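Trainee: here is the input, now give the coordinates:
(one chain, ligands or ions: 1)
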Amino acid sequence: MPNTSLRGWGRTAPTRANVVPVRSAADVTAALAAAGPRGVIARGLGRSYGDPAQNAGGTVLDMTGLDRIHSVDADSGRVVVDAGVSLDALMRAALPFGLWLPVLPGTRQVTVGGAIGADIHGKAHHVVGSFGNHVESLDLVTADGRAHTLTPSDDLFWATVGGMGLTGVVVRAVLVLHHVETAYFKVDTEQIDNLDELMARQSVDDEKYAETVSWFDAVSTGAQFGRGLLMRANHATLDELPPKLRARPLRFDAPQLLTVPDVFPPGLLNRLTGKLFSEVWYRKSPTKLGAIQNITQFLHPLDIVGEWNRGYGPRGFLQYQFVVPLERGDVVRGVLDRMHAAGQVSALNVLKRFGEGNRAPLSFPRPGWTLCVDIPVNDGLGPLCDELDELVLDAGGRHYLAKESRTTPEAIRRGYPRLDEWRKVRDAADPTGVFTSDMSRRLELTS
Ligand SMILES: Cc1cc2nc3c(=O)[nH]c(=O)nc-3n(C[C@H](O)[C@H](O)[C@H](O)COP(=O)(O)OP(=O)(O)OC[C@H]3O[C@@H](n4cnc5c(N)ncnc54)[C@H](O)[C@@H]3O)c2cc1C
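Mentor: Modelled structure (predicted):
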């Protein structure tokens, strides 16, 4: 599909590229041989918010046709999958064997290749780490068109994990899944009055829960500022399920109710609608311990509504996600205060505590607080975000490349002190710079 317009989930900054559908490793090799001077980048389901899976004037490989699940081994938990398989499809295939993907992001509509490229994390990061920790091996087609099987003993493996597609194209991976008795969660929800209490409460008992996250209201002011829901869960055992669910405990119970039409004007999400949403969301879940919830209810409430990003209208939105060390939790408050002062609202505010990071030089998670806020694109957003960047970077924090759409090369250099180490491995695998993207040029990730 020559000259196709592509954009990320945030719907900003579209660019045009020659989109090449991929169904085999040989297709990748052929596309690399035919690539022009603007280079090549792989694209999964385009769920990154910004521009890492775009390549203006160059080639973009559409990996979603490379989507075979080759094998599932119920005993070892090992699955062999093509890179274009979505996590949704993989869960549907693995759950009947009692296998669970240990790392699931806020949506299942991402591919295995995209999950490796961004080294994604989920609500279980404090227990299981990020996606790369569960990859036993991966097959990477490098710039010379050759395929290599890489394992965690290879530096190129760790440069590819979190490497945003810039080391080569992942075509296949062996993942190790976890065993579960049921597809349900036993959830403790606590309704908490304000942000300080929420963060204090979230700092204890983490080790008792496999999954933890909190959502809070940053629109309401005064005593209600930061009131929120702390949601923590473990996988439910068979005995814990109510009788009506026990007949099919491994059912993939993940309803999607509707898809949002692309008709919304800019400015629909404003302080008023944000306040309304925050009120409803806060009230919907009073404190309740031990509730049995399905995948959508606990993990993916946003997946109930398809293409919900259309609600932000044609101008789109950005998600600002950062991590700061645990001892700098004050930055969470500082960022929200600055947003308030600038008159920007975010109704979807998600807070987590990361556990240990892994060996990948560009992997985002590190021990600390990570906050996501969604902000509609509007006037004054750029200067505000520059101010927020300073707060984050001065505290020793960094931004998540999968959500990033507007920061500077300098901010990324400060946040990722191992960038040069990553570049060395990448440059050895791709000495002429075949792999490139709008993001890599914008943030000067590659030399
Ligand atoms: C609603 C929503 C919630 C989200 N929640 C989370 C979350 O909780 N945690 C989290 O970590 N992320 C989250 N994300 C971000 C998402 O997990 C990542 O952006 C992920 O990379 C998207 O996968 P994708 O297949 O759509 O990849 P794309 O967005 O298409 O690509 C992402 C990157 O991976 C590279 N890539 C894709 N396929 C390959 C391949 N085969 N070989 C090499 N490189 C490849 C691309 O070049 C690009 O750099 C969320 C996104 C959305 C929309």
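Trainee: what about the helices in the stretch 1-150 of the chain?
Mentor: Using DSSP state H, counting those that start in this stretch, the helices of the stretch 1-150 of the chain run over 25-34, 87-94, 112-117, 125-128.
Trainee: if you count contacts, what does the first one end up packed against?
Mentor: Translated: helix 25-34. Packing partners of helix 25-34 (3 or more Cβ pairs under 8 Å, 6 or more residues apart in numbering; DSSP states H and E): strand 15-21, strand 59-62, strand 135-141, strand 169-176. For the C-beta atoms, the positions are set from N, CA and C on the backbone; glycine is no exception.
Trainee: and the shortest one, average pLDDT?
Mentor: Within the predicted structure, the mean pLDDT of strand 59-62 is 98.
Trainee: likewise the first one?
Mentor: Along strand 15-21, the predicted confidence averages to a pLDDT of 98.
Trainee: okay, buried residues for it please.
Mentor: Buried residues in strand 15-21, counted by 16 or more other Cβ atoms under 10 Å: 15-20.
Trainee: ok, now the last one?
Mentor: Using 16+ other Cβ under 10 Å as the burial criterion, the residues of strand 169-176 that qualify are 169-175.
Trainee: given that strand, what are its sheet partners and their directions?
Mentor: Looking at strand 169-176 with DSSP bridges, its partner strands are strand 78-82 (antiparallel), strand 135-141 (antiparallel).
Trainee: what's the angle from it to helix 25-34?
Mentor: Going by axes from the mean of the first three to the mean of the last three Cα atoms, to 10 degrees, strand 169-176 is angled at 150 degrees with respect to helix 25-34.
Trainee: so that it lines up with my notes, have the first residue be 86 from now on.
Mentor: Got it, first residue is 86 now, which makes that one strand 254-261.
Trainee: say whether the ligand is contacted by strand 254-261.
Mentor: Yes: part of strand 254-261 sits near the ligand under the criterion Cβ under 6 Å from any ligand atom, namely 254-255.
Trainee: show me the contact partners of that strand.
Mentor: Strand 254-261 has contacts (Cβ atoms under 8 Å, 6 or more residues apart in numbering) with 107, 109-110, 113, 125, 127, 146, 148, 151, 155, 161-168, 186, 197-198, 201-202, 219-226, 232, 245.
Trainee: am I right that Leu486 is in a strand?
Mentor: No: counting by DSSP: H, G, I helix; E, B strand; the rest coil, Leu486 is not found in a strand; it is coil.
Trainee: which strand residues bridge Asp273?
Mentor: In this entry, Asp273 is beta-bridged to Arg317, by DSSP bridges.
Trainee: pull the contacting residues for it.
Mentor: Listed by Cβ under 8 Å, 6+ apart, the contact set of Asp273 reads 294, 316-318, 373-376.
Trainee: including pLDDT, could those residues go into CSV?
Mentor: Listed next are these as CSV, based on pLDDT from 0 to 100:
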residue, pLDDT
Tyr294, 97
Met316, 96
Arg317, 97
Ala318, 98
Lys373, 93
Leu374, 96
Gly375, 97
Ala376, 97
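Trainee: which ChimeraX command selects the buried ones in the residues you listed?
Mentor: The buried residues among those can be selected in ChimeraX (16+ other Cβ under 10 Å) with this line:
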select :294,316,317,318,376
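Trainee: now, the most widely separated pair of the contacts of Asp273?
Mentor: Checked with Cβ to Cβ, the contacts of Asp273 reach their widest spread between Tyr294 and Lys373, with 15.0 Å between them.
Trainee: for Arg423, helix, strand, or coil?
Mentor: Using three-state DSSP, the three-state assignment for Arg423 comes out as helix.
Trainee: what sits against it?
Mentor: Arg423 makes contact with 469, 472-473, 476, according to Cβ under 8 Å, 6+ apart.
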